[in-house]
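A.B. asks: pasted the sequence and its predicted model underneath.
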Amino acid sequence: MTEMLIPELPTTRSTAFDPPAELGSLRAAGPIHRMRFPDGHEGWLVTGYELAREVHADRRFSSRSELHHPLRRLAGQAVPRQDPAKPGMFIGMDAPDHTRYRRLLTGQFTVRRMNALMPRIEQIVAEHLAGLRAAGSPADLVANFALPVPSMVICELLGVPWDEREAFQRDTAEALRLDRPFEEVMAAFGRLEEFVADLVRRKRAEPGDDMLTGLVETGELTDGEVANMGLLLLVAGHETTANMLGLGTLALLRHPEQLAALKADPSLVDNTVEELMRYLSIIQFGTIRTALEDVGIGGVVIRAGDTVSISVPAANRDPERFERPDEFDVRRSATGHIAFGHGVHQCLGQQLARIEMRVGYSALFREFPDLRLAVPASEVRLRTDMAIYGVHELPVAFS
Ligand code: HEM
């Protein structure tokens, strides 16, 4: 631990793919540091890999959103409106509520449903690549591919009727934009909430083969609870995968030797996806927890009520866990990274996200073997101030 109080979370990047250099210096000095949070209170910043896992796995640290929501707001993260009469999202709950919701949702990620989804994901990817080609070179890879693919996959999973996709996708895109005024984002989010709530009512009347129907049919959830879970899937699974597809493509294009290795041996794609997850660690401001009691950990005592910010990017570049951590190497074994979190809240959609990325990158570079940037790399707008890092647009050229 450094004795000094860090005045704020370091967020200034000097390169497109590396986390802020200051995080590396802090990690070299120790795995945990005192840090001032935007509301003025002093808490902690975890930069070391081992300690990051420990904190995620320790039930004495709470995920309850009401304990740290204001802090997230100030860190630039979108926080959906919290209506006290509504159950809220279980990503921001602790046991036993979290356990109950998570168990019911895990039961919906069945092997059968995932297997059935696989050919649909291939189709959705193929359709959007055809759309990219039709748009003509140069075209924006984000608008034509990276963003709409996960959006359609979620529609499929939740059972959004085909002819209602357009409004749903438009509101989703708007609700998840962090570069718009807060009120606009909340208005789109409100429309989405209503849409999902109405969809759940209809699933009860007219069951389908989708996840919302599955949740309704557990018989253990109110419509409001099901709608909330649907919204969480949407929010948690959408921008994340979209930004991995966009930024991941940029990373591959900017590391031609790595891209060549993947093209020469397409079976490297699983490894490539894991390494991209580690190397890019797009949850750039990390995860947040609040200590429920005094906890002695990592050589310090974290007091009850203190907020702990866990830097996922710093942990995933820890040289004590990963050799040559700052090198992007599609052949390395990156497993064990914490880009999907760790512990009881570890990403529920990680297998789905992996399938989307594996299918997405494979098809993209197979169909567009000469894909290249259409602008100088320095002109690609990076999402430095957004909770989820990535690219705003990715202008690509192809023949
Ligand atoms: C590459 C894409 C993705 C990344 C980087 C990502 C990252 C994460 C992380 C770091 C967490 C843990 C948060 C915490 O501990 O506070 C998480 C949780 C979660 N993710 Fe993902 N995620 C991705 C894709 C998805 C997808 C596709 C879905 C849904 C289909 C999804 C659904 C969820 C849910 C429901 C949770 C909450 C789990 C819980 O609280 O028990 N995610 N994700």
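C.D. replies: Thanks, I have it. The structure presented is a predicted model; accordingly, all values stated were derived computationally and were not measured.
A.B. asks: list the contacts of His98.
C.D. replies: His98 makes contact with Ser63, Phe90, Val344, His345 under the criterion C-beta atoms under 8 Å, 6 or more residues apart in numbering. Glycine gets a C-beta too; all of them are placed from N, C-alpha and C.
A.B. asks: distance of the nearest residue to the last one once chain neighbours are set aside from the ligand?
C.D. replies: Counting by C-beta to C-beta, 6 or more residues apart in numbering, His345 lies nearest to Ser63, which is 5.7 Å off, once chain neighbours are set aside. The spacing between Ser63 and the ligand, counted by C-beta to the nearest ligand atom, to the nearest Å, is 6 Å.
A.B. asks: list the contacts for Ser63?
C.D. replies: With C-beta under 8 Å, 6+ apart, Ser63 has these contacts: Ile91, Gly92, Met93, Asp94, His98, Arg289, His345.
A.B. asks: I'd say Ser62 and Thr290 touch.
C.D. replies: Yes. In this structure, Ser62 is within contact of Thr290 by C-beta atoms under 8 Å, at 4.9 Å.
A.B. asks: what parts of the stretch 251-399 of the chain come near the ligand?
C.D. replies: Ile282, Ile283, Thr287, Ala339, Phe340, Gly341, His345, Cys347, Leu348, Gly349, Leu352, Ala353 (C-beta under 6 Å from any ligand atom).
A.B. asks: now with 8 Å?
C.D. replies: Taking C-beta under 8 Å from any ligand atom as the criterion, the neighbours of the ligand within the stretch 251-399 of the chain are 277, 282-283, 287-289, 312, 338-350, 352-354, 356-357, 388.
A.B. asks: out of the residues you listed, which are inside helices?
C.D. replies: Among these, the members found in helices (DSSP state H) are Met277, Val312, Gln350, Leu352, Ala353, Arg354, Glu356, Met357.
A.B. asks: buried among these? Make that a ChimeraX selection.
C.D. replies: Here is the ChimeraX command that picks out the buried ones among those, judged by 16 or more other C-beta atoms under 10 Å:
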select :277,312,352,353,354,356,357
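A.B. asks: just the closest of the ones in helices among the residues of the stretch 251-399 of the chain next to the ligand to the ligand, please.
C.D. replies: Ala353 (3.8 Å; C-beta to the nearest ligand atom).
A.B. asks: OK, contacts around that closest one?
C.D. replies: Residues near Ala353 by C-beta under 8 Å, 6+ apart: Gly237, Thr240, Thr241, Met244, Phe340, Cys347.
A.B. asks: check contacts around the nearest residue to the first one once chain neighbours are set aside.
C.D. replies: Distance criterion C-beta to C-beta, 6+ apart; nearest residue to Gly237, sequence neighbours excluded, is Gly349 at 4.5 Å. For Gly349, the contact set (C-beta under 8 Å, 6+ apart) comprises Phe109, Leu233, Ala236, Gly237.
A.B. asks: those: which ones sit near the ligand?
C.D. replies: Leu233, Ala236, Gly237.
A.B. asks: the nearest residue to Leu373 once chain neighbours are set aside sits in which helix or strand?
C.D. replies: Distance criterion C-beta to C-beta, 6+ apart; nearest residue to Leu373, sequence neighbours excluded, is Leu253 at 5.7 Å. Using DSSP states H and E, the element containing Leu253 is helix 223-254.
A.B. asks: mind listing what's buried along that helix?
C.D. replies: Applying a neighbour-count criterion of 16+ other C-beta under 10 Å, the buried positions in helix 223-254 are 223, 225-253.
A.B. asks: from the chain's centre, how far out does that helix sit?
C.D. replies: In this view, helix 223-254 has its centroid 6 Å away from the chain centroid, taken as C-alpha atoms, centre = their mean, to the nearest Å.
A.B. asks: centre of the chain to the helix or strand following that helix, how far?
C.D. replies: Moving toward the C-terminus from helix 223-254, the next helix or strand (DSSP H and E) is helix 256-264. Distance of helix 256-264 from the chain centroid (C-alpha atoms, centre = their mean) equals 25 Å.
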